[in-house]
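In: 3D, please:
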Amino acid sequence: MDDGSVDFKQAAAAEAWSVPVEALNPAQPDLFASDAMWPIFDRLRQEDPIHFTAESAYGPYWSVSRYNDIMAIDTNHQVFSSADGIVLQSLEAKAEADSRPRRPNFISMDPPKHDEQRKTVSPAVAPANLAKMAPVIRERAGLILDGLPIGEEFDWVDLVSKELTAMTLATLFDFPFEDRRKLTYWSDMFTNAPGHGPAKSWEHKREEAEACFSAFNQLWNERVNAEPKFDLVSMMAHGEATRNMEPLEYHGNVVLLIIGGNDTTRNTISGSVYALNKNPEQYRKLRENPALVPSMVSETIRWQTPLAHMARTALADHEIGGKTIRAGDRVAMWYVSGNRDDDIIADPYSYIIDRARPRTHLSFGFGIHRCVGNRLAELQLTIIWEEILKRFPEVVLAAEPTRTHSVFVKGYETLPVVIPRRN
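Out: All right, here's what the predicted structure looks like:
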């Protein structure tokens, strides 16, 4: 890490502990891009776990930072609605969105519509289908790993994390396999603000969104007039709750499924390499006992927390932690903070691949909106690491990663690594 990053993190930590607690604002992309947000959450959990930020680039919002409080809100969809969106949206992004037709999706819906639409696509990631997909994922993981350069630096995000998730996502959609990286590109367009990732401007984002929707309209038109198949587009085109949905709603669900199937898994694959390099004794433990891979996967999902928060809107006044959240208020459940809550998770900042209860984490959410593809994410991570351990003595971090500039997606733009040549 260069000295500028160290200085920034030190300054951010000093500020987090010196300003009045009511002035704290964790929703700052610069902090996440520098991995410098932790002291704010440490202080909020200690001093103000239900915290109101009156002014920010995202407007006024509440921060919920403790594990149990997050779970209480996440499981209370009767009071805390997803209908206004599941992420903190910047005022600039909100103004842009308000100028265009809204594209709802099932994660930003409340029951009963949420339940009906989720049920339509959930068979694609049900255990029976995952069992069928596992050999395909394993074969592809092997091909990816066997094609990596040995003894020279390369970007793990690009050649491994993006590639495996793009392959899996293309299969789920039955999207043209040769165009699979378009899915990765579109995901990055949707989740990045202009000036970050591939997004050059709001107009650029709009153009690329239309290209995505045009491609998926073509897939819908092909599938709706064909026999039902076991891919996500066909399921929506033929599903009782989705076959008559408006095009804007279809587009919204496409965006949700692209982002959900891409960002979380890809950033945890990258995060596993980073975490193991930063904790060499854990990496040694894993190499000596590959049976720890499933436990390591769960620990990485907690430690990385690939989605930093989820947002809700209060439908009624609600008291929690001695504070009253008013109807209409926006609430951010900071999963990234709950996963460092030492009241629930012992030694939460440590990366321990053989924890007693590694699945105790918030990364997939709780309640009706719990991640529908959580088992597929775990499956991909498990397979890629089983295959890595068969092939390579280790994957060595060559330089610090470039992190995503976002308060939502907590991930990696680049991760330079070297696979050493065998002696």
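
In: now the helices: where do they sit in the stretch 201-350 of the chain?
Out: 202-224, 232-238, 247-278, 280-288, 293-304, 335-338 (DSSP state H, counting those that start in this stretch).

In: tell me which of the ones you listed sits nearest to A128.
Out: In terms of CB to CB, the element of those nearest to A128 is helix 232-238, at 14.4 Å. The way it works is simple: take the backbone N, C-alpha and C, and place the C-beta from them, glycine included.

In: most tightly packed of the helices of the stretch 201-350 of the chain?
Out: Greatest average neighbour count among those goes to helix 335-338 (a mean of 27), per mean count of other CB atoms under 10 Å.

In: average pLDDT for it?
Out: The average pLDDT within helix 335-338 is 98.

In: using PDB, write out every CA atom in it.
Out: Taking Å, rounded to 0.1, in the frame of the first residue of the first chain, the C-alpha atoms of helix 335-338 are listed here in PDB:
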ATOM      1  CA  TYR A 335     -24.000  -5.600   6.900                       C
ATOM      2  CA  VAL A 336     -20.300  -4.700   6.700                       C
ATOM      3  CA  SER A 337     -20.500  -3.400  10.300                       C
ATOM      4  CA  GLY A 338     -22.700  -6.200  11.700                       C
END
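
In: helices or strands next to the next helix or strand after that helix in the packing?
Out: Toward the C-terminus, helix 335-338 is succeeded by helix 374-391 as the next helix or strand (DSSP states H and E). Counting contacts by 3 or more CB pairs under 8 Å, 6 or more residues apart in numbering; DSSP states H and E, helix 374-391 is packed against helix 127-146, helix 162-173, helix 247-278, helix 280-288, helix 293-304.

In: kindly recompute the last result at 7 Å.
Out: Applying 3 or more CB pairs under 7 Å, 6 or more residues apart in numbering; DSSP states H and E, one finds that helix 374-391 makes contact with helix 127-146, helix 162-173, helix 247-278, helix 293-304.

In: R403: which of these is closest?
Out: That would be helix 247-278 among those, by CB to CB, at 9.6 Å.

In: so what secondary structure elements neighbour that closest one?
Out: On the basis of 3+ CB pairs under 7 Å, 6+ apart, helix 247-278 makes packing contacts with helix 162-173, helix 181-191, helix 202-224, helix 232-238, helix 280-288, helix 293-304, helix 374-391, strand 396-397.

In: so which of those comes closest to R422?
Out: Relative to R422, the nearest member of the helices and strands packed on helix 247-278 by CB to CB is helix 374-391, separated by 10.0 Å.

In: report the distance from the closest one to the chain centre.
Out: 17 Å (CA atoms, centre = their mean, to the nearest Å).

In: equivalent analysis for stretch 337-349, please.
Out: Stretch 337-349 sits 19 Å away from the centroid of its parent chain (CA atoms, centre = their mean).

In: begin at 11, not 1, for the rest of this chat.
Out: Shifting the count to begin at 11 puts that one at stretch 347-359.

In: okay, now it: how far is its last residue from its first?
Out: 11 Å (CA to CA, to the nearest Å).

In: identify each buried residue in stretch 32-52, please.
Out: By neighbour count on 16 or more other CB atoms under 10 Å, the buried set for stretch 32-52 is 34-39, 41-52.

In: I'd like to know how many residues surround R148.
Out: 17 (other CB atoms under 10 Å).

In: setting aside sequence neighbours, what's the nearest residue to it?
Out: In space, and not counting its chain neighbours, R148 is closest to I393: 5.1 Å by CB to CB, 6 or more residues apart in numbering.

In: for the one you found, which residues are in contact?
Out: Shown in contact with I393 (CB atoms under 7 Å, 6 or more residues apart in numbering): A144, I147, R148, A151.

In: for P290, give me the pLDDT.
Out: Per-residue pLDDT puts P290 at 97.

In: can you tell me which of the contacts of I393 lies nearest to V234?
Out: Closest to V234 out of the contacts of I393 is I147 (28.0 Å), distances taken as CB to CB.

In: state the distance from the closest residue to the closest one other than its chain neighbours to E404.
Out: Spatial nearest neighbour of I147, excluding adjacent residues (CB to CB, 6+ apart): I393 at 5.2 Å. Per CB to CB, to the nearest Å, I393 is found 19 Å from E404.

In: also N349?
Out: Distance from N349 to E404, by CB to CB: 26 Å.

In: in terms of helices and strands, where is A67?
Out: With DSSP H and E as the test, A67 turns up in no helix or strand.

In: for it, what are its contacts?
Out: For A67, the contact set (CB under 7 Å, 6+ apart) comprises S100, L101.

In: what pLDDT does it get?
Out: Looking at A67, the pLDDT reads 95.

In: likewise for P49?
Out: At P49 the predicted local confidence, pLDDT, stands at 97.

In: so it touches A23, yeah?
Out: Yes: contact criterion CB atoms under 7 Å: P49 and A23 qualify, at 4.3 Å.

In: verify the stated contact: I429 with I398.
Out: No: counting by CB under 7 Å, I429 stays clear of I398, with 9.3 Å between them.

In: these two - which one has more neighbours?
Out: Neighbours were counted for I429 and for I398 using other CB under 10 Å; I398 has more, 24 against 21.

In: between N349 and E404, which one's more packed in?
Out: Neighbour totals were compared for N349 and E404, and N349 leads with 23 against 19 (other CB under 10 Å).

In: quick one: terminal-to-terminal distance for stretch 73-88?
Out: Termini of stretch 73-88 sit 19 Å apart (CA to CA).

In: how far does it sit from its chain's centre?
Out: 18 Å.

In: what does it contact?
Out: Applying CB under 7 Å, 6+ apart, the contact partners of stretch 73-88 are 36, 51, 54-55, 59-61, 63, 90, 120, 322, 330-331, 341-345, 347-348, 351, 353-354, 372, 375-378.
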